[in-house]
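> 3D model of this:
(2 chains)
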Amino acid sequence: MTPKHADLAEQFITDEPRTNWHDETLWFVREKRDKAVHGIPEWEDLREWGSQIKNHSLSNLSQYLKEFEEKATANGIQIHWAATGEEHNQIIHKIIQKNNIQRIVKSKSMLTEECHLNDYLEHRGIEVVDSDLGERIVQFRKEAPSHIVLPAIHLKKQDVSETFHEHLNTEKGNNDPQYLTEAARGHLRDKFVESELSITGVNFAIAETGGFVVCTNEGNADMGAHSAAVHIACMGFEKIIPKAEHLAVFLRLLARSATGQPITTFSSHFQKPRDGQEMHIVIVDNGRSTQLGREDFRNSLKCIRCAACFNTCPVYRRSGGHSYHTSTAGPIGSILNPNLDMKANSDLPFASTLCGSCTNVCPVKINIHEQLWKWRQEIVKNGYVDTTKKIGMNGMAVLFSYPAIYRLTGKIGRWVMRVVPFITNNQLNPWYKQREMPKPPKESFRDWYKKNGNSQKN
Amino acid sequence: MSSRDKILNAIAANQPDLVAPPTIDLDTVISYEDNYTQFKKVLEGIGGKVELLSDIAILNNQIQKDKASGQLVINMIDDVDKQIVMLTSFELEKLEKVYLRATLGVAENGSVWLYESQMGNRLLPFICQHLMLVIHKKDIVTTMHHAYQQIDIAKEGFGVFIAGPSKTADIEQSLVIGAHGARTATIYVVE
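Here you go, the predicted structure:
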């Protein structure tokens, strides 16, 4: 059985200083986002345009995908369609076999993580080198990325230093980020130069032109794609936007929302393969068409993967990305993953305070917290909640339906907490964990109001 | 049924009723007193360098000096060398400096647009140690909206917006310049 968010989060927070550091680091990124956003007076208009372009794209998606396919094919790009993650992996495996390829570099693509491409290929004796620095670090450690933009955000420089000492033979105990990055640069440059096949993601695919855009800060997607004889770009079908001019809106929104940068260092526009190069695009469904049909959750397909909702989320910041046990963590992942497997991911929509901060920062105005709340209802309806939660909820339903019982229980509760506090203040009570129970008042608000309410009216 | 048809049918069946795309009103977007000043400020803030030149000829001296240094330096400002197109990544790995002409700069984010024809070889701006780009001052536009009005992304096989040197903050959010690509990016703005 998949471990649950609450249990994994409990493990994460056993190290209190590290939890605090994780929280502060992500909040720092959120603050950088705010600073960048405040420099753009039309920011709210931009969000609205981004949201509307995506609404329009989703409402004409089948047409736009056909248009994209036609244009891309005319430009010499080979288009493949994968209904599932498994099919996506098979398509890539076939291209590798057909070209008899040994050396593969990949730039960060959350879709390939979603499809577990590395595992799939590894089982067939093929090694893929992840080329984004953060991704390479977690790959060495045999971990998954804990964040879709900052894959190694859960690690401290000492951890990276130890990992590099082991795998790249760097000086033991040298924790200097500059030194460590230089070591990775040398190591990965060799990989780029030797690479025969490069796999990248797609940030935006343009129906009008049949081309696609890939955004990185390191330039790793470009180093790989322009070196290798074969380039495979993998995209979820929701990456389609209608026109080139719409890129202006999304490139203005993306990096500012993600890291507070005015734009990513490299925004590469691929239109045709270079002379002698093979270029493929794999268009993946893997549950997306189902989500498109769920009216309540359709909006989640507008996501441009900036992770602003992660950085602002009070739960994500304090529980760490791995506690979400899925490739896309955080608030948006908690909406996307129950669509893929409602049972295994039934815990995720509950990993939120529903404070709405995610919705407020979302550059394409996805109603994230409302969808989390809606998923909770779906999950309860489908019977995928813990027995304890179910009993608790049913009990509450009774309690709130009968005022007399509610008042009696309140009275007993206040008496118990006052006279025999150890009955509630113990480890068996989940509400007692990491917090003191409140001091109960002598009387309920209702009783107080009955006594004082009238006199104040006069 | 093929996966293609299966996916497209499922999408057609599940997509919502058609809604119109928004009208993007460029009158409401930001403007700057001086696009060059804004461009310089933003680019320097993200690790790039900006130098104002009264005449492009000033650069030639520097390029001659660079070429004489014995390091691999490629100059494509005036002419695209057909030889360069053919160079492999193994050969280009030794590239120290490259001088390229770019199409335009964007004031709001300090980025510069380059067409494939201006790079000659797609790898050049990424694999070099030091990237030198040349634009005209009048070609600095205000925002990305204005940039896309002037460029045609489908005209050539590849094109890119570059904003400063390659960088990463993947180790404890410490900014390190020079991840895989150029360690420095200098934009020469010709008046």
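
> any idea where the helices of chain B begin and end?
B:3-14, B:35-45, B:57-68, B:82-86, B:89-92, B:116-119, B:124-127, B:144-150 (DSSP state H).

> Just say which of these is most tucked in.
helix B:124-127 (a mean of 28; mean count of other CB atoms under 10 Å in any protein chain shown). All C-beta spots, glycine's among them, are computed from the backbone N, C-alpha and C.

> if we can go back for a sec, confidence-wise, which of the helices of chain B is weakest overall?
When those are ranked by mean pLDDT, helix B:82-86 comes last with a mean of 80.

> who touches it?
A:275, B:74, B:76, B:120-121, B:124 (CB atoms under 8 Å, 6 or more residues apart in numbering or on different chains).

> Low-confidence ranges, the stretch 251-400 of chain A, go.
Within the stretch 251-400 of chain A, the set of residues satisfying pLDDT under 70 is empty.

> can you list the residues of it near chain B?
The stretch 251-400 of chain A comes close to chain B at residues A:251-252, A:259, A:261-275, A:283, A:285, A:289-290, A:292-293, A:295, A:298, as judged by CB under 8 Å from any CB of the partner chain.

> I'd like to know which residues of the stretch 51-200 of chain A are adjacent to chain B.
Checking the stretch 51-200 of chain A against chain B by CB under 8 Å from any CB, the hits are A:52-53, A:55-56, A:58-62, A:65-66, A:75, A:81-83, A:87, A:131-134, A:137, A:150-153, A:155-157, A:160, A:177-178, A:180-182, A:185, A:188-189, A:192-193.

> Mark which of those are buried, thanks.
A:52-53, A:55-56, A:58-62, A:65, A:75, A:81-83, A:87, A:131-134, A:137, A:150-153, A:155-157, A:160, A:177, A:180-182, A:185, A:188-189, A:192-193 (16 or more other CB atoms under 10 Å in any protein chain shown).

> Can you flag which of these belong to helices?
Short answer: those in helices (DSSP H) are A:52-53, A:55-56, A:58-59, A:61-62, A:65, A:87, A:133-134, A:137, A:157, A:160, A:177, A:180-182, A:185, A:188-189, A:192-193.

> Which positions are bridged to the residue nearest in space to the middle of chain B in the beta structure?
The residue lying closest to the centre of chain B (CA atoms, centre = their mean) is residue B:162, at 2.9 Å. Counting by DSSP bridges, residue B:162 is bridged to residue A:266, residue B:112.

> Just to check, it is in contact with residue B:112?
Yes. With contacts counted by CB atoms under 8 Å, residue B:162 reaches residue B:112, the gap being 5.5 Å.

> what touches both of these two?
The contact lists of residue B:162 and residue B:112 share residue B:133, where a contact means CB under 8 Å, 6+ apart.

> Do you know the pLDDT at residue 78?
No chain was given, so I picked chain A. 98.

> wait, I meant chain B there
83.

> Alpha carbons of stretch A:143-157, in PDB - could you do that?
The C-alpha coordinates for stretch A:143-157 follow below in PDB (Å, rounded to 0.1, in the frame of the first residue of the first chain):
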ATOM      1  CA  GLU A 143      15.600   9.800  -5.100                       C
ATOM      2  CA  ALA A 144      12.700  11.400  -6.900                       C
ATOM      3  CA  PRO A 145      12.600  15.200  -7.300                       C
ATOM      4  CA  SER A 146      10.800  16.800  -4.400                       C
ATOM      5  CA  HIS A 147       9.700  19.900  -6.300                       C
ATOM      6  CA  ILE A 148       8.800  20.300 -10.000                       C
ATOM      7  CA  VAL A 149      11.000  23.500 -10.400                       C
ATOM      8  CA  LEU A 150      13.600  23.000  -7.700                       C
ATOM      9  CA  PRO A 151      14.100  19.200  -7.700                       C
ATOM     10  CA  ALA A 152      16.700  19.100  -4.900                       C
ATOM     11  CA  ILE A 153      15.200  21.800  -2.600                       C
ATOM     12  CA  HIS A 154      15.000  19.300   0.200                       C
ATOM     13  CA  LEU A 155      18.700  18.900   0.300                       C
ATOM     14  CA  LYS A 156      21.400  20.900   2.100                       C
ATOM     15  CA  LYS A 157      24.800  21.700   0.500                       C
END
